[in-house]
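Trainee: sequence? don't have it. structure:
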C-alpha cells in the first residue's frame, strides 16, 4: 500500500491550458492506460462480464472523482473485492449483485454523513495487510486456471489443489488451445515484468500491464490463434443494466445478501481509506477528508449497484500512477473515466481482440504483489510477534475459510494488544508550546491503542502544519502497533516537509520513531 514519492502538488506557472492543467491531462492518460486492463481483469476474476469492470471504472472516475475527499486518489474495481464478489455471484447469482451493492453504498454514505470515516483508520494494519495478502493468494490460485483457458474452481482451496493437475496435463508436443493460452499468458507476464525492470527513465510512465496485453493480443491476432477472448457488448448502453421491477426482491427473499452488503461496505471503506492515507504520503498537497471520501464512495457504489456493475474502492496502483505522473487536481481522475467511456463507446472491437489468458496473466502478477511478506517482516522486526501473528492468522483464514471470517478474527485478535493496558485505556492529549520557542508540544499519557486512534488522529491534525513539533511520550505507558504506525507516518510527513519533529520518552519508543 505504498508508492514512490511524487513531486509536490503545487501548480507551476505556464503549465496550464484553459480550465485544465497539462500535467492533469497527461496524468489522466497514464491512469487510463493502467486502469483499462485492470478493470477488465478484475471483472473476470470476480466472475462477471468484463464490461462490468469498465462501467465501475467510468463511474469511479467521473462521479466519484468529482465528489472525492482525496483529490488525487483514483477509484475503480478493486482486486481486494474480487474474491468475495466471485463467491457472492456464485452463490446468489448476478441479479443479486446490484441490489446488494446499492445497500452497501447507502451504508457507506450514511457512515460518511455520521462522520465515521476516522474509525476505519483504526483498523489494525496487520489485519488489512493480512487480508490483502490472503486475497492475493486466492487471486493467484484462481487466475492460474484462466491462464489455461479454464474456469476457476468454486473456492480457493479447490483452486490450489487443482493447480498441479493443470501443469501435469500439458502436452506441448501437440499444442492445442490450453497450451497456446498458457503461452500467451506467460508472454503477458514476461513483457510486463521485463518492461518494469528494464524500461528507460524517459518511458517510466508507460505501464507494463498495457504492453503485456498489447503483445499477447498482437501475437494472437497475427497468427489467428484459437483462444478464448474477452466479450464486450456492441454498444455502450448494453453495458449499463438499468434496474427493473422487483429490483430489491433478492434482498427481501434472502437476508444473507444484506449481510454481504455490510461486509462489502466495511471492507471497501477500510481499503479506500487506507489507500487514501497511502496517497497522502506520496504528495504534499491537500490532505484527505475521510468523511467526504466515504460519502463519495457510497454514492459511487450506489450508482454501480443501480446499473449492475462491480463495487469500487480507492485503488492504490492507479492512485500511485496518478501521483507519479504529476497529477495536481481531481481533474486527472475524472478524465481517466472519460477516456474509458470513450473507448468503450467508440472502439469496443479493440477490446474483443484481447485474449482472456492475457488478463489472467496481469491478475496473477497483481495477486502476487498483494502477498507482501515485506509488511509482515516489518511488523515482526518493529513491534514483535503479536502483530505478525495477527497478520498470519488473518491471511490463513482468508485463504482457508472466507474473507469476512478472516477479517473478523483478525479484528478480534487485535484486542490482544489492548489487554496489557486494560487498567489505563484512557489516552490523555495535551497541546502547548515547547521550550524551543515556536515548536508545538504534543504530550501523550495513558495508553495509545487502536481504540483511541480516531481521537488521537483528530488531535494531531489540529497541530499547525507549518510549525516544528515535539512529541512528548514520557507519560505514555502503552503504545500498540496501529497507533505507532500512524504516529510514525505523521512525524515522517512533517520531516519530509522540512520541519523539525522530535520525540522524547522511553528509549524503545524513541527508537521506533527515529527513522520515521
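Mentor: The structure has been received and is ready for your questions. Note that the structure is a prediction, hence the values are computed from the model and not measured. Residues are numbered from 1 along each chain as shown.

Trainee: show me the shaky parts of this structure.
Mentor: 1-20, 435-437, 515-516 (pLDDT under 70).

Trainee: domain ranges for it?
Mentor: Listed domain ranges for the chain are 20-359, 421-512 (source: automatic domain parsing).

Trainee: ok, the residue positioned nearest the centre of the chain - contacts?
Mentor: Nearest to the geometric centre of the chain sits residue 315, at 3.6 Å (Cα atoms, centre = their mean). Neighbour list for residue 315: 38, 74, 75, 76, 77, 78, 275 [criterion: Cβ atoms under 8 Å, 6 or more residues apart in numbering]. (C-beta placed from N, C-alpha, C; glycine too.)

Trainee: what about the last one, neighbour count?
Mentor: For residue 275, the tally of surrounding residues (other Cβ atoms under 10 Å) stands at 27.

Trainee: same list (the contacts of residue 315) but as a markdown table, adding distance to residue 434 and secondary structure.
Mentor: A markdown table is the format used below for the contacts of residue 315 (distance: Cβ to Cβ, whole Å; DSSP: H, G, I helix; E, B strand; the rest coil):
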| residue | distance to residue 434 | secondary structure |
| --- | --- | --- |
| 38 | 47 | helix |
| 74 | 39 | coil |
| 75 | 40 | strand |
| 76 | 44 | strand |
| 77 | 47 | coil |
| 78 | 42 | coil |
| 275 | 34 | helix |
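
Trainee: okay, these in a markdown table with distance to residue 185 next?
Mentor: Putting those into a markdown table (distance: Cβ to Cβ, whole Å) gives the following:
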| residue | distance to residue 185 |
| --- | --- |
| 38 | 16 |
| 74 | 26 |
| 75 | 28 |
| 76 | 23 |
| 77 | 20 |
| 78 | 22 |
| 275 | 28 |
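
Trainee: so which of these is the most crowded?
Mentor: Counting by other Cβ under 10 Å, top hit in these: residue 74 with 36 neighbours.

Trainee: ramachandran angles for that one?
Mentor: The phi and psi torsions at residue 74 (degrees, to the nearest 10) take the values phi -110, psi 140.

Trainee: separation between it and residue 30?
Mentor: Here residue 74 is placed at a distance of 11 Å from residue 30 (Cβ to Cβ, to the nearest Å).

Trainee: any idea which element residue 265 lies in?
Mentor: According to DSSP states H and E, residue 265 maps onto helix 255-282.

Trainee: tell me the buried residues in that helix?
Mentor: 257-258, 260-261, 263-282 (16 or more other Cβ atoms under 10 Å).

Trainee: what sits closest to residue 370 if chain neighbours are left out?
Mentor: Sequence neighbours aside, residue 136 is the residue nearest to residue 370 in space, at 2.8 Å (criterion: Cβ to Cβ, 6 or more residues apart in numbering).

Trainee: what's the answer for residue 466, then?
Mentor: Using Cβ to Cβ, 6+ apart, the nearest residue to residue 466 is residue 499, at 7.4 Å.

Trainee: for residue 144, same thing?
Mentor: Nearest to residue 144 is residue 163, by Cβ to Cβ, 6+ apart, at 5.7 Å.

Trainee: how about the helix or strand where residue 165 lies, which residues are buried there?
Mentor: Per DSSP H and E, residue 165 falls inside helix 156-168. Using 16+ other Cβ under 10 Å as the test for burial, helix 156-168 gives 156, 159, 160, 166.

Trainee: measure the nearest residue to residue 175 once chain neighbours are set aside to residue 203 for me?
Mentor: Excluding the flanking residues, the one nearest residue 175 by Cβ to Cβ, 6+ apart is residue 183, at 8.0 Å. Separation of residue 183 from residue 203 (Cβ to Cβ) stands at 26 Å.

Trainee: of the two, which one has the most company?
Mentor: residue 183 (19 against 9).

Trainee: that one in helix, strand or coil?
Mentor: helix (DSSP: H, G, I helix; E, B strand; the rest coil).

Trainee: any residues in contact with both of residue 74 and residue 30?
Mentor: 321, 322.

Trainee: helix, strand, or coil at the residue nearest to residue 466?
Mentor: Under three-state DSSP, the three-state class of residue 499 is coil.

Trainee: hang on, it packs against residue 467?
Mentor: Yes: applying Cβ atoms under 8 Å as the test, residue 499 and residue 467 come out as touching, 7.1 Å apart.

Trainee: more neighbours: these two, which one.
Mentor: residue 499 (17 against 14).

Trainee: which one's the longest strand in this structure?
Mentor: When the chain is parsed with DSSP state E, its longest strand is strand 469-479.

Trainee: Provide the strand pairings for it, with the direction of each partner.
Mentor: strand 440-448 (parallel), strand 501-504 (parallel) (DSSP bridges).

Trainee: which SSE is immediately downstream of the longest one?
Mentor: Tracing the chain C-terminally past strand 440-448 and defining elements by DSSP H and E, one meets helix 453-461 next.

Trainee: if you count neighbours, what's buried in that following helix?
Mentor: So for helix 453-461, counting by 16+ other Cβ under 10 Å, buried means 453, 454, 456, 457, 459, 460.

Trainee: and the first one, how close does it get to residue 81?
Mentor: Per Cβ to Cβ, residue 453 is found 24 Å from residue 81.

Trainee: with residue 183 instead?
Mentor: 30 Å.

Trainee: quick revisit: did I read that right, the residue nearest to residue 370 in a helix?
Mentor: Yes: under three-state DSSP, residue 136 sits within a helix.

Trainee: show me what contacts it?
Mentor: Here residue 136 is in contact with 79, 366, 367, 368, 369, 370, 371 (Cβ under 8 Å, 6+ apart).

Trainee: what angle do the helix or strand hosting residue 54 and helix 255-282 make?
Mentor: Assessed by DSSP H and E, residue 54 sits inside helix 50-67. Here helix 50-67 runs at an angle of 60 degrees relative to helix 255-282 (axes from the mean of the first three to the mean of the last three Cα atoms, to 10 degrees).

Trainee: for helix 50-67, packing partners?
Mentor: helix 22-45, strand 75-76, helix 290-306, helix 331-346 (3 or more Cβ pairs under 8 Å, 6 or more residues apart in numbering; DSSP states H and E).

Trainee: what about the residue nearest to residue 143 when sequence neighbours are not counted, how many residues nearby?
Mentor: Leaving out its chain neighbours, the residue that sits closest to residue 143 by Cβ to Cβ, 6+ apart is residue 363, at 4.2 Å. Neighbourhood size, residue 363 [other Cβ under 10 Å]: 28.

Trainee: residue 363 is in contact with residue 41, isn't it?
Mentor: Yes: the criterion here is Cβ under 8 Å, and residue 363 meets it with residue 41 at 4.6 Å.

Trainee: give me the common contacts of these two.
Mentor: In contact with both residue 363 and residue 41: residue 143, using Cβ under 8 Å, 6+ apart.

Trainee: which residues in the stretch 301-450 of the chain form strands?
Mentor: Assigned by DSSP state E, counting those that start in this stretch, the strands in the stretch 301-450 of the chain fall at 313-314, 427-433, 440-448.

Trainee: strands paired with the first one, and their directions?
Mentor: Paired strands of strand 313-314, with direction, are strand 75-76 (antiparallel) (DSSP bridges).

Trainee: likewise for the second one?
Mentor: Sheet pairing of strand 427-433 (DSSP bridges) gives strand 440-448 (antiparallel).
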